[in-house]
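# here is a sequence together with a model predicted from it:
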Amino acid sequence: MRWSQAFIPTLREDPADAEAISHKLLVRGGYIRQLMAGVYSMLPLGQRVRENVMAILREEIDAIGGQEFLLPQLHPAAIWEETGRIETMKDILMSLEDNKGARIVLSPTHEEIFATVATELTSYKHLPQLWYHIQTKFRDEARPKSGLLRVREFTMKDSYTFDVDFAGLDEQFDRHHEAYKRIFDRLGMDVVAVRASSGAMGGKESVEFMVRSAVGEDEIAVCASCDYAANLETATSTLPPIMDSEGARELERFDTPGVRTIADLEFFDGGAEAARQIKTLVYLLDGEVTLVLLRGDHGLQEQKLSDATGSIDVRAARPDEIAEALGADPGSLGAVGVEGIRVLADEALRGRSRMTTGANRNDVHVRGVDVARDIAVTEWLDLRTIESGEPCPECGGVLDVYPSIEVGHIFKLGTFYAEKLGLSVLDESGRAVPIVMGSYGIGVERSIAASIEANHDERGIVWPIELAPYKVVITVVRPDDERSRQVSTELYDELVGGGIEVLLDDRKERPGVKFTDAELIGIPLRITIGPRGLDGGIVEFVERRTGVQSDVGIGDAVARVHAFLEPRVV
RNA sequence: CGGGACGUGGCGCAGCUUGGUAGCGCGCAUCGUUCGGGACGAUGAGGCCGUCGGUUCGAAUCCGACCGUCCCGACCA
């Protein structure tokens, strides 16, 4: 491609509404333009990168036996009603009505549709299967953000596996896990695979692939000593036991005028340190008022609460609902003596005594609380959010907690969809058994953005070679110089003839502009051709990633380009 | 959904407080001088000031409603 003919609208200044680096660089580099909140046009450069990502995805999924499909984006609402997800995913579902008045769902994901096709799998002999497609997804995110990192319309590679039993699922799951590691390596990202919550997918076990990034929206806990890694939504730790050797043994109410928070009570005369308080939260779980008890210095992990109770609609109670349930305001709440209300207690409170908590009367607290003796706990659960520095649950090492971008997620779905949609095969003995499913997703545009977050410098994008929209840019310093034009055109033709994607910068611009643009858009190898070098019979190579420059004889240039690209690209 | 900010040529912004019909930088076009790291000069094109309504002799500017975008939070495979 000749740059003079290409549509590569680079910008000198950062777009006003971009915050994330990948967002700024994608817009400035002429890769994308925004159409509306969370919806972007892919410009020619962006589309080339997108195709490169998809090619990698195809290669790696084909390599583990995947068969590519293309399922529709328009889904009849009825199928979503059958699995109940029209309800459980309603917050992000986009839908429309056709001219007959029938409700159509715009594909947010494709479990339902692949499962529908899979009803034609009728014998164990048909299994296992690994099906996938790369298709548009629509999700009405309440708050799209950070350019391509969180959008409402995007491309996803989603695969689905179908097996006779869970052992088969485990194998396909592991195979995907390995394929995903290769994929993200090729996409230029260091990923950590973490245990995660399956959320609304209806599965039992899932693994997320996370890339560390300050703009990431998920937090993960990673052990420094072993391979334990988990999303904060499921992460646990082993806390050192606390000896409750001080304070009152028996229940004792005391006035605490003005005390509203855990911190207030810590500094109140006769109060207690946070770790020796019981924090009482009031939640509505699918409408049912529920008390959630935590150690005073611990925070609730709402996803754990949702997962552990199987509740879909989880929210903190409003002040008026709290007052109605407990007769007091936040700041003086407690579970001692409470009856008729479900009480969920975090494991960290097990066996604790001589604790302090609210008395369900404003400005009054109670101490000497023995949890087992004084509180009617309905259920003990792991509900707290762990923190950086806590001991690893598996080896006792130190856990590090940091933000990350979720670039892939794989799920063991089990038989949820088989049961909802009637998927079964006959086994060897002629008995109908439900098909065991797995699903595996990678967001294409998010991967592009995440790769940039991990591969850039102050001058612009530094593409991994495989992702680069062009592998080489030939910068013609003086396009008006006949010799330069001739040498650059010959080199361009030879490289293109050898199957290499080359951008020939023949624009009538000053060299500085061309260098800056080439670095901004992140082309891995720049070949500078100008009178100065040609006098000595050489052209100049500059590697984008390292900045290393070298003079190359004109006759050696083609071979040197191939050598540079060889490790990854033909 | 709650809180905050913003909406003015393609991009980035000023003007609004104190109403009088729009300006700067970049980019764009033409010409000239330049040309190995975002050149300089000259000339020029380009704007329903988000939309609708109100106040006023007169609204980018004041008032109201709506729409849109971003940020924080809630939410989210």
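Alright, I've got the coordinates.
# just checking, A:R315 touches A:V282?
No: using C-beta atoms under 8 Å, A:R315 is not in contact with A:V282; the gap is 10.3 Å. For every residue, glycine as well, the C-beta is placed using N, CA and C.
# could you look up the SS state of the closest residue to RNA strand B within the stretch 301-450 of chain A?
Closest approach of the stretch 301-450 of chain A to RNA strand B (C-beta to the nearest atom of the strand) occurs at A:G441, with a separation of 3.2 Å. Recorded secondary structure, A:G441: strand (DSSP: H, G, I helix; E, B strand; the rest coil).
# what of A:R526?
Relying on three-state DSSP, one would call A:R526 strand.
# give me the pLDDT for it.
In this model, A:R526 is scored at 98, pLDDT.
# once you drop chain neighbours, what's closest to it?
Take A:R526 and drop its neighbours on the chain: the residue closest to it by C-beta to C-beta, 6 or more residues apart in numbering is A:V542, 4.6 Å away.
# number of nearby residues for the one you found?
For A:V542, the count of nearby residues is 19 (other C-beta atoms under 10 Å).
# and A:G247, what does it touch?
Taking C-beta atoms under 8 Å, 6 or more residues apart in numbering, we find A:G247 in contact with A:A272, A:R276, A:R354, A:T356, A:R367, A:G368.
# which residue is the nearest non-sequential neighbour of the last one?
Read that as A:G368. A:A248 (3.4 Å).
# pop out the phi and psi values for the one you found.
Dihedral pair for A:A248: phi -60, psi 140, per degrees, to the nearest 10.
# okay, the most centrally placed residue in chain A: pLDDT?
Centroid check for chain A by C-alpha atoms, centre = their mean gives A:E406 as the closest residue, at 1.6 Å. In this model, A:E406 is scored at 95, pLDDT.
# element containing it, please.
Assigned by DSSP states H and E, A:E406 falls within strand A:399-414.
# show me what that strand is packed against.
helix A:166-186, strand A:191-196, strand A:205-212, strand A:218-223, strand A:436-443, helix A:444-454 (3 or more C-beta pairs under 8 Å, 6 or more residues apart in numbering; DSSP states H and E).
# redo those as JSON lines? Include mean neighbour count and mean pLDDT.
Putting the helices and strands packed on strand A:399-414 into JSON lines (neighbours: other C-beta atoms under 10 Å; pLDDT from 0 to 100) gives the following:
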{"stretch": "helix A:166-186", "mean neighbour count": "18", "mean pLDDT": "97"}
{"stretch": "strand A:191-196", "mean neighbour count": "21", "mean pLDDT": "92"}
{"stretch": "strand A:205-212", "mean neighbour count": "23", "mean pLDDT": "93"}
{"stretch": "strand A:218-223", "mean neighbour count": "22", "mean pLDDT": "94"}
{"stretch": "strand A:436-443", "mean neighbour count": "26", "mean pLDDT": "96"}
{"stretch": "helix A:444-454", "mean neighbour count": "26", "mean pLDDT": "96"}
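# got TSV for the ones you listed, with distance to A:V401 too?
TSV is the format used below for the helices and strands packed on strand A:399-414 (distance: least, C-beta to C-beta, whole Å):
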stretch	distance to A:V401
helix A:166-186	21
strand A:191-196	11
strand A:205-212	11
strand A:218-223	5
strand A:436-443	23
helix A:444-454	19
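# of all those, which one is nearest A:M89?
Closest of those to A:M89 is strand A:436-443, at 14.0 Å (criterion: C-beta to C-beta).
# quick one: is stretch A:506-514 near RNA strand B?
Yes: Stretch A:506-514 is in contact with RNA strand B by C-beta under 7 Å from any atom of the strand, via A:R510, A:P511, A:G512, A:V513.
# what is the most widely separated pair among these?
A:P511 and A:V513 (7.3 Å).
# which secondary structure element is home to A:S353?
Using DSSP H and E, no helix or strand contains A:S353.
# count the neighbours of the nearest residue to it once chain neighbours are set aside for me.
Nearest residue to A:S353 in three dimensions, chain neighbours excluded: A:D370, at 4.1 Å (C-beta to C-beta, 6+ apart). If you count neighbours by other C-beta under 10 Å, A:D370 ends up with 17.
# which SS state does the closest residue to A:D98 other than its chain neighbours fall under?
Leaving aside its sequence neighbours, A:D98 sits nearest to A:I104 (C-beta to C-beta, 6+ apart; 5.6 Å). The three-state assignment at A:I104 reads strand, by three-state DSSP.
# how far away is A:I104 from RNA strand B?
Look at A:I104 and RNA strand B: by C-beta to the nearest atom of the strand, to the nearest Å, they are 18 Å apart.
# what residues does the stretch 251-400 of chain A have near RNA strand B?
Residues of the stretch 251-400 of chain A lying near RNA strand B (C-beta under 7 Å from any atom of the strand): A:E302, A:Q303, A:S306, A:V314, A:R315.
# filter those residues down to the buried ones, PyMOL style.
A single PyMOL command selects the buried members of those (16 or more other C-beta atoms under 10 Å):
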select buried, chain A and resi 302+303+306+314
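# from the residues of the stretch 251-400 of chain A next to RNA strand B, which land in helices?
A:E302, A:Q303, A:S306 (DSSP state H).
# make CSV from these and add distance to A:G499 and pLDDT to it.
Putting these into CSV (distance: C-beta to C-beta, whole Å; pLDDT from 0 to 100) gives the following:
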residue, distance to A:G499, pLDDT
A:E302, 52, 89
A:Q303, 48, 88
A:S306, 51, 88
